[in-house]
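Chemist: Based on what follows, work out the 3D shape:
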Amino acid sequence: MLARVANNLFWMGRYIERSEHIARYLRVNYFSSLDAPNQISQSRQFVLRSMLTMVGDPISDDSIELNEPEVLYKIGLDPNYQSSILNNVRSSRENANSARDLISTELYESLNKFYHFISNYDVNVYTKNGLNDFTLNVTEMSAILRGKVRSTLMHDEIYAIIMMGANIERAMQIIRIINSKYNDALKAQGSYGDKFKNSFEWTTLLKCTESYDMMRRYYKKTPTSISTLEFLILNPNCPRSIMNSLNQVCKHIKILSPDKKHERGSTAFLVGKVRAEYEFKCIVQIENDIQSVINEILGSLYEISEKMENEFFSY
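Modeler: All right, here's what the predicted structure looks like:
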């Protein structure tokens with residue numbers, strides 16, 4: 001397989017995963033604010049700033065009044081904004097086009113249908129009252145694509161490349177969401193006891209990652225900062241956790257690099273090293289300096305992604 005084609009498959013997986021997480025973040029944050037227990041979390045300006053922070057375009061100046069339709073359009077359907085959902089789906093389809101003979105017809109048709117749904121969505125409907133419908137369809141269509149990847153492709157190198165892209169992107173999106181909600185929790189304190197620890201934003205964070213029900217069954221108690229971060233960063237059995245994503249990357253990279261002993265400078269070695277670090281990390285170490293841990297994880301993921309592209313996909 002040409003390195004260029006492998007790179008396209010890798011990014012196809014990443015763009016699908018990215019569009020899903022952005023869409024879910026928009027929906028959960030927007031509608032959770034309607035039931036929020038404090039005034040700050042209910043504020044529409046607070047919600048819009050949180051959305052922009054998550055996509056990597058934070059507004060630090062509190063005096064700037066954000067326009068709701070403009071922010072929603074920018075993140076959802078703006079063709080000139082690189083991080084918009086529209087551009088992520090478009091890029092995913094373009095990458096699939098260049099690897100058309102290596103993926104299944106079912107996967108390609110579903111991706112094509114996804115793209116036409118997004119590109120033909122009425123902007124006025126979306127910005128006025130279509131946010132729920134639009135984002136719900138994006139997350140459901142992304143789930144269908146993930147199912148097509150798993151069920152219509154041979155589980156060989158092609159599958160491993162797509163899944164490596166999807167899992168490294170999932171870890172990045174989860175840590176971006178954690179970062180955004182951590183900052184929200186600092187601003188919108190809870191209403192009883194330790195106000196940061198018991199902030200409503202931890203519940204929103206779990207819902208943004210589809211992990212709320214899993215977490216409640218696992219801990220059998222209301223989410224706190226400690227239990228939420230432990231679950232989303234360290235729990236290997238949570239399918240959305242950083243640890244689980246690293247395990248998946250580690251599993252699939254072995255298909256591309258089957259040597260039992262990896263060289264120190266290889267991607268497989270770096271993935272194993274980062275994975276081992278978080279496998280034995282305690283929540284107490286994270287709780288002491290949450291922002292540093294977030295930055296550290298994000299830095300490690302960027303390093304893995306860059307090394308992965310240089311080793312397997314440079315051409």
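
Chemist: where does the protein have low pLDDT?
Modeler: Along the chain, the parts satisfying pLDDT under 70 run over 190-194, 260, 315.

Chemist: Recalculate using a threshold of 90.
Modeler: Along the chain, the model assigns pLDDT under 90 to residues 1-4, 34-42, 60-63, 187-199, 221, 254-267, 281-289, 309-315.

Chemist: And the helices in the stretch 1-150 of the chain, which stretches?
Modeler: Listed in chain order, the helices of the stretch 1-150 of the chain (DSSP state H, counting those that start in this stretch) span 3-32, 39-42, 44-54, 68-76, 85-98, 105-119, 123-128, 131-152.

Chemist: Please name the nearest non-neighbouring residue to Pro223.
Modeler: Distances taken as CB to CB, 6 or more residues apart in numbering place Trp202 nearest to Pro223, at 4.5 Å, with adjacent residues excluded. Every residue, glycine included, has its C-beta placed from N, CA and C.

Chemist: distance of that neighbour from Cys238?
Modeler: 15 Å (CB to CB, to the nearest Å).

Chemist: who's more crowded, these two?
Modeler: Just comparing Trp202 and Cys238: by other CB atoms under 10 Å the higher neighbour count belongs to Trp202, 27 against 22.

Chemist: And for Glu109, the neighbour number?
Modeler: So Glu109, with other CB under 10 Å, has 11 neighbours.

Chemist: OK, contacts around the residue nearest to Met12 when sequence neighbours are not counted?
Modeler: Closest residue to Met12 apart from its sequence neighbours, by CB to CB, 6+ apart: Asn95 at 4.0 Å. If you count contacts by CB atoms under 8 Å, 6 or more residues apart in numbering, Asn95 has them with Asn8, Leu9, Trp11, Met12, Tyr15.

Chemist: still on that earlier bit, other residues contacting the helix or strand containing the residue nearest to Pro223?
Modeler: For Trp202, the host element (DSSP states H and E) is helix 201-208. The contact list for helix 201-208 (CB under 8 Å, 6+ apart) reads 24-25, 28-29, 32, 41, 177-178, 181, 184-185, 188, 212, 215, 222-225, 228, 231-232.

Chemist: Would you check how far apart Tyr218 and Thr228 are?
Modeler: 11 Å.

Chemist: quick one, which of the two is more surrounded?
Modeler: The residue with more neighbours, out of Tyr218 and Thr228, is Thr228; 26 against 15, by other CB under 10 Å.

Chemist: thought the more buried one was touching Met215?
Modeler: Yes - between Thr228 and Met215 there is a contact under CB atoms under 8 Å: 6.9 Å.

Chemist: residue contacts, the closest residue to Glu311 other than its chain neighbours?
Modeler: Spatial nearest neighbour of Glu311, excluding adjacent residues (CB to CB, 6+ apart): Thr267 at 4.9 Å. Shown in contact with Thr267 (CB under 8 Å, 6+ apart): Ile253, Ser257, Ile304, Lys307, Met308, Glu311, Phe312.

Chemist: Top of the residues you listed by number of neighbours, please.
Modeler: Ranked by neighbours (other CB under 10 Å), the contacts of Thr267 are led by Ile253, which has 27 neighbours.

Chemist: and the helix or strand hosting that one, what does it pack onto?
Modeler: Using DSSP H and E, Ile253 falls within helix 242-256. Using 3 or more CB pairs under 8 Å, 6 or more residues apart in numbering; DSSP states H and E, the elements in contact with helix 242-256 are helix 157-187, helix 267-279, helix 290-308.

Chemist: Repeat the analysis, applying 6 Å as the threshold.
Modeler: Helix 242-256 sits against helix 157-187, helix 267-279, with contacts defined as 3 or more CB pairs under 6 Å, 6 or more residues apart in numbering; DSSP states H and E.

Chemist: Flag every buried residue along the last one.
Modeler: This means helix 267-279. Buried residues in helix 267-279, defined by neighbour count with 16 or more other CB atoms under 10 Å: Thr267, Ala268, Leu270, Val271, Gly272, Val274, Arg275, Tyr278.

Chemist: How far off centre is it?
Modeler: Centre-to-centre, helix 267-279 and its host chain are 20 Å apart (CA atoms, centre = their mean, to the nearest Å).

Chemist: Toward the C-terminus, what is the element adjacent to it?
Modeler: helix 283-288.

Chemist: Show me the contact partners of that next one.
Modeler: Ile226, Leu229, Glu230, Val293 (CB atoms under 6 Å, 6 or more residues apart in numbering).
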